[in-house]
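Asker: Curious how this folds, go ahead:
(one chain, ligands or ions: 1)
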Amino acid sequence: MSKNVIIVGGHGNISLRLASLLSPKHTVTSIIRTDSHAKDIVSIPAKPVVLSLEESSVEEFARAFGGQDVVYFCAGAGGKGGDERTKSVDYEGAVKVFDAIEGVDGRKPRLVLLSSIDVRDPERVPKHYDERDVEISKKYREVLGTYVKWKYEADKELSKRTAFKWTMLRPGGLRDEPGTGKACVGKTHLTPGIPRADVAKALALLVDREDAAGLGIDIIGGEVPIEEGLDAFIKKGETDFLG
Ligand SMILES: NC(=O)c1ccc[n+]([C@@H]2O[C@H](COP(=O)([O-])OP(=O)(O)OC[C@H]3O[C@@H](n4cnc5c(N)ncnc54)[C@H](OP(=O)(O)O)[C@@H]3O)[C@@H](O)[C@H]2O)c1
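Answerer: Numbering: from 1, shown residues only. Below is the predicted model:
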């Protein structure tokens, strides 16, 4: 069934691919920060709406979310603008989106949030990690500590929300290689990385997976067709986000 879908962070590398995958079947709106990106959105074709996670209000986002079936959150400061901006986009911006979904009158849209692998309580190491994962995780936190901290705070906050259905997709390191249509989904190691095109494909498949509500789903490069891997993980129903 065709759905109304809105993407926050709509001009991002993954979001542009996601909109292209969804737009043949669904009505896609992409939230961008500047009018100069509008032509790229229109050519998908999708509908551009200009709003900023830092400048616009919860009410403005709630208005944009009215009548939508699914909200995707794919925005991120991307390390630009220092620690403060990481906090204001990756954490406060995400919370603004959660509040805005709650502020939609009547039926609330679902949220599919693009997070990251290994976002967790640093004291709780997942049981399936091996020594190499523990070492990679330690380095990841040394290099990207602020990013992981604010992503974790956002994900923890989301996990408490019950007014709308949500799912987190948690990819490993993103690569700009052609997609393979295959991946390793759920209870994964931390490497290898995954092409952005394959992350976009997984996000697009989640449009129809209301049964993924409440799940955090790890995804890295691998050999299983993405649809099959996602389906098996969702049917098992054991989240990768430990809270
Ligand atoms: N890099 C990795 O290895 C990795 C691994 C796992 C997960 N992730 C996550 O995946 C996300 C998406 O990846 P990507 O490659 O698609 O990133 P990207 O190309 O940097 O896209 C991020 C988007 O967020 C938008 N944005 C930034 N600040 C905003 C604001 N204040 N209001 C509204 N939108 C704003 C940017 O807008 P502009 O285009 O206007 O700048 C951009 O379009 C990342 O942000 C990260 O959280 C990354």
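
Asker: what about stretch 181-193, distance to the chain center?
Answerer: 16 Å (C-alpha atoms, centre = their mean, to the nearest Å).

Asker: Stretch 120-138 now?
Answerer: 21 Å.

Asker: Could you do stretch 218-235 as well?
Answerer: With C-alpha atoms, centre = their mean, you get 16 Å for stretch 218-235.

Asker: Run through the residues that contact the residue of the chain at minimum distance from the ligand.
Answerer: Per C-beta to the nearest ligand atom, residue 76 is where the chain lies closest to the ligand, at 2.0 Å. Glycine gets a C-beta too; all of them are placed from N, C-alpha and C. By C-beta atoms under 8 Å, 6 or more residues apart in numbering, the residues touching residue 76 are 9, 12, 89-90, 114.

Asker: So which of the residues you listed are in strands?
Answerer: Counting by DSSP state E, the part of these found in strands is residue 114.

Asker: can you narrow the contacts of residue 76 to ones near the ligand?
Answerer: 9, 12, 89, 114 (C-beta under 6 Å from any ligand atom).

Asker: pull the helix or strand with minimum mean pLDDT from the protein.
Answerer: helix 82-86 (a mean of 94; mean pLDDT, DSSP states H and E).

Asker: do the next helix or strand along the chain from it and the ligand meet at all?
Answerer: The helix or strand immediately downstream of helix 82-86 is helix 94-102, counting by DSSP states H and E. No: Helix 94-102 is not in contact with the ligand by C-beta under 6 Å from any ligand atom; minimum separation 9.4 Å.

Asker: By neighbour count, which bits of helix 94-102 are buried? Give me those.
Answerer: Buried residues in helix 94-102, counted by 16 or more other C-beta atoms under 10 Å: 94-101.

Asker: for stretch 36-51, same thing?
Answerer: Applying 16+ other C-beta under 10 Å to stretch 36-51 flags 37-38, 40-41, 44, 46-49, 51 as buried.

Asker: Looking at those residues, which are in helices?
Answerer: In helices, judged by DSSP state H, the following of the buried residues of stretch 36-51 are found: 38, 40-41.

Asker: Going by neighbour count, which residues of the helix ranked longest in the chain are buried?
Answerer: The longest helix of the chain (DSSP H) is helix 131-160. Buried residues in helix 131-160, counted by 16+ other C-beta under 10 Å: 133, 136-137, 140, 146-155, 158-159.

Asker: With only the CA atoms kept, save stretch 14-25 in PDB.
Answerer: Only the C-alpha atoms of stretch 14-25 are listed here, as PDB (Å, rounded to 0.1, in the frame of the first residue of the first chain):
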ATOM      1  CA  ILE A  14      21.600   8.000   2.600                       C
ATOM      2  CA  SER A  15      18.400  10.100   2.500                       C
ATOM      3  CA  LEU A  16      18.700  10.900  -1.200                       C
ATOM      4  CA  ARG A  17      19.100   7.200  -2.000                       C
ATOM      5  CA  LEU A  18      16.200   6.300   0.300                       C
ATOM      6  CA  ALA A  19      13.900   8.800  -1.300                       C
ATOM      7  CA  SER A  20      14.800   7.400  -4.800                       C
ATOM      8  CA  LEU A  21      13.900   3.900  -3.600                       C
ATOM      9  CA  LEU A  22      10.600   4.900  -2.000                       C
ATOM     10  CA  SER A  23       9.300   7.500  -4.500                       C
ATOM     11  CA  PRO A  24       8.100   5.100  -7.200                       C
ATOM     12  CA  LYS A  25       5.500   3.600  -4.800                       C
END
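
Asker: No further questions, thank you.
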